[in-house]
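1. model the structure of this input:
(4 chains)
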2 protein chains.
Amino acid sequence: MGATIKDVAKEAGVSVATVSRVVNGVPNVNDEMKAQVEKAIARLGYKPNQLAKGLKNNVTNTIGVVVTDISDPFIIGVTRAAEKILRPEGYSLLMASTDNDEEKEKECIDMMDSKCVDGLIISPVSNNIAALLKADTYPVVAFDRNTLSHICDTVYVDKEKAMFSAVDYLLKRGHTNIAMISGEKKLSTNFDRYNGYLRAFFENDQIARKENLLFGTFSRNYGMKAFEKLVARQDPPTAVISGSATLTEGILIQAKKMRVRIPEDISLISFGALALQDLIEPQITHSKEMQQEIGTHIGEMLLSRLRRADLPVRLKVLESNIIEGDSVKAINS
Amino acid sequence: MGATIKDVAKEAGVSVATVSRVVNGVPNVNDEMKAQVEKAIARLGYKPNQLAKGLKNNVTNTIGVVVTDISDPFIIGVTRAAEKILRPEGYSLLMASTDNDEEKEKECIDMMDSKCVDGLIISPVSNNIAALLKADTYPVVAFDRNTLSHICDTVYVDKEKAMFSAVDYLLKRGHTNIAMISGEKKLSTNFDRYNGYLRAFFENDQIARKENLLFGTFSRNYGMKAFEKLVARQDPPTAVISGSATLTEGILIQAKKMRVRIPEDISLISFGALALQDLIEPQITHSKEMQQEIGTHIGEMLLSRLRRADLPVRLKVLESNIIEGDSVKAINS
DNA sequence: ATCCATTCAGTAAACGTTATCTCAAATTAT
DNA sequence: ATAATTTGAGATAACGTTTACTGAATGGAT
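-> This is a model prediction of the structure:
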């Protein structure tokens, strides 16, 4: 334990109230005394205890971040962008991974709550945490899911539309046997993808086949396994849409291993670019992940709500375009 | 604010002391009363306020992580591995990026201090933060630097040896014009690289040239710039050693752009593998980064010291081998 | 010279816990 | 039946802050 306010008071020969006033820049304190206190503070290296401050003032200058995995590249990109906004305002980030486990997610939220964070950034797993998250009590910003958009501020990319665009793009180029490989089925973001997929088929007067929709986890491993399974089918798809950059990595590794050429044998569209896009053949046609934009919006939404709690609940929907590469082959007759 | 211990006491018709006893599993409390209190807790959804607990007990169950950039892949890998060890023990991570700025680093440490973290994980920037970091007051584990190894527990990879191995490997294959591209010159990890580089030349009876040592930042951008500069020289190096995976990415991108073939035109060894190693031609000869091992050791060291403060200061040195790929061409006569 | 504002600094209660100290009641030993 | 011990639960101080309240001293207006 470092020096406390009491030590400073004694050292400077004043009361603790005076020290507190000096520290917090409250007016009505004599210049001479102020100088004396400041000298004592410097001498003792006094730093106010944020725990005590938090207890008294209900302010911790800490923002909780509850996500599936703090080492997921997409999550990190988002978090880092949010940190860039929040740190200059004095906030630091308390991070916890849920590993896509609803039980752990509940624990994380409870923990954040009992550590009295000033706000929370969350990409929810469970579909019924609305009750847990007392979003009316403190600022909460959700991202990458839209299940909470009526409860708390939310920023997400319109995945329905992005998926629609991707499927439409493929259908227009003659593909109809189009597989989609994505993460956990229960996530709203995957329900959106599903809807976009169906709508594109519907609008193009084509029939979607349910065995072309593969859900697993957003991991390199699942990308490999799912792709392997697809290729082994009697009627392998002519095109695959990958739900995340991590999945795409797995798909590409597996394709290389099985000597499946992209796009000659199978076309590919990815949600999210690869970290090393520039070095890889072919360039992958993809829909932008927009980590920066998402993180920045999260930071700004949180700040504005920290300043004014009575704002209406906001929903920021970002749109993602398809960036063309060379991973799609047209197979029109 | 949720319910406090007082509310629970009132609800259950007992004193706060009794509630506290129930919550903390202190014996000597009547079963009937205990049941009553537990019911009240459930009814009110009471969760102990960690701020108050921390103030009273000097325990926050929070570990600070002070690193150059929380979005650096190496740092994240390490942090995530440490989290895997620490979370099950009830600790969460408070993270802050220093951006390699000594001033910011000081602020981060002060902040962690005033937020009363139970321990600190740090990869220091400044060479004289020993005074700041009261490592005798609370557990500190440093990594990726060895400047603090006499002050606090440290885990790092022997970069001197790794660099020696890399340079030796190249010299033995006929290279003598060997460039090294690395990050910030002031970091101890780069001084170690420098020493390893020189020792390899010395032991092989070769002369090292100072213009072959390039220091900048651990970023993709610097990798590109530095490589461009090297290639443009009158006597471009026949081999390049890259100080990190991020730098290697930049180097490869630049090489492709300039149509420099690896290893035909220039050989390459990288500190750290690429995320997509498997997809890239050629396979890059590299020295393992060992994020997992580092993070795990950090977590374990921290835990053991949290349990026993009086352990001697420990230094865990990991060794990294060269993994051969196809990015080095022998040029022996 | 008296009164009223002002300015400044100290006292103490409060934030939500825990733990020590009491003390009453219940149990055991005589 | 009484004394000695054990058990169970309440009151309260303390952790390090902030802030409303109190009050002394100064200064200006009458």
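2. residue A:291 is in contact with residue A:81, correct?
-> Yes - Residue A:81 lies in contact with residue A:291 (C-beta atoms under 8 Å); the separation is 6.3 Å. No exception for glycine: its C-beta is placed from N, CA and C like everyone else's.
3. list the residues that contact the closest residue to DNA strand C within the stretch 101-250 of chain A.
-> Closest residue of the stretch 101-250 of chain A to DNA strand C, C-beta to the nearest atom of the strand: residue A:114 (7.7 Å). Counting by C-beta atoms under 8 Å, 6 or more residues apart in numbering or on different chains, residue A:114 makes contact with B:47, B:48, B:49, B:50.
4. the first one: how many residues sit nearby?
-> By the measure other C-beta atoms under 10 Å in any protein chain shown, the count of residues near residue B:47 is 16.
5. didn't it look like it was pressed against residue A:116?
-> No - using C-beta under 8 Å, residue B:47 is not in contact with residue A:116, being 10.3 Å away.
6. per-residue confidence at residue A:280?
-> On pLDDT, residue A:280 comes in at 88.
7. the residue positioned nearest the centre of chain A: which element?
-> Among the residues of chain A, the one closest to the centroid is residue A:75, at 4.4 Å (C-alpha atoms, centre = their mean). For residue A:75, the host element (DSSP states H and E) is helix A:73-86.
8. off-centre distance for that helix?
-> 8 Å (C-alpha atoms, centre = their mean, to the nearest Å).
9. residues contacting the very next helix or strand once past it, please?
-> Going down the chain from helix A:73-86, the next helix or strand is strand A:92-97, by DSSP H and E. Under the contact criterion C-beta under 8 Å, 6+ apart, strand A:92-97 has outside partners A:61-71, A:79, A:82-83, A:86, A:104, A:108, A:111-112, A:115, A:117, B:62, B:70, B:80, B:83, B:87, B:92-96, B:111, B:115.
10. what's the neighbour count on the residue of the stretch 51-200 of chain A found nearest DNA strand C?
-> DNA strand C sits closest to residue A:56 of the stretch 51-200 of chain A, with a gap of 3.7 Å, by C-beta to the nearest atom of the strand. Neighbourhood size, residue A:56 [other C-beta under 10 Å]: 10.
11. wait, residue A:215 touches residue A:191, no?
-> No - using C-beta under 8 Å, residue A:215 is not in contact with residue A:191, being 10.2 Å away.
12. so residue A:178 sits against residue A:169, correct?
-> No - using C-beta under 8 Å, residue A:178 is not in contact with residue A:169, being 10.0 Å away.
13. looking at these two, which is more packed in?
-> More crowded of residue A:178 and residue A:169, by other C-beta under 10 Å: residue A:178, with 24 against 20.
14. pull up the gap between the more buried one and residue A:266, please.
-> 10 Å (C-beta to C-beta, to the nearest Å).
15. shared neighbours of the two, which are they?
-> By C-beta under 8 Å, 6+ apart, the residues touching both residue A:178 and residue A:266 are A:237, A:238, A:239, A:240.
16. and which of those residues is nearest DNA strand D?
-> Once C-beta to the nearest atom of the strand is applied, the member of these that ends up nearest DNA strand D is residue A:240, at 57.7 Å.
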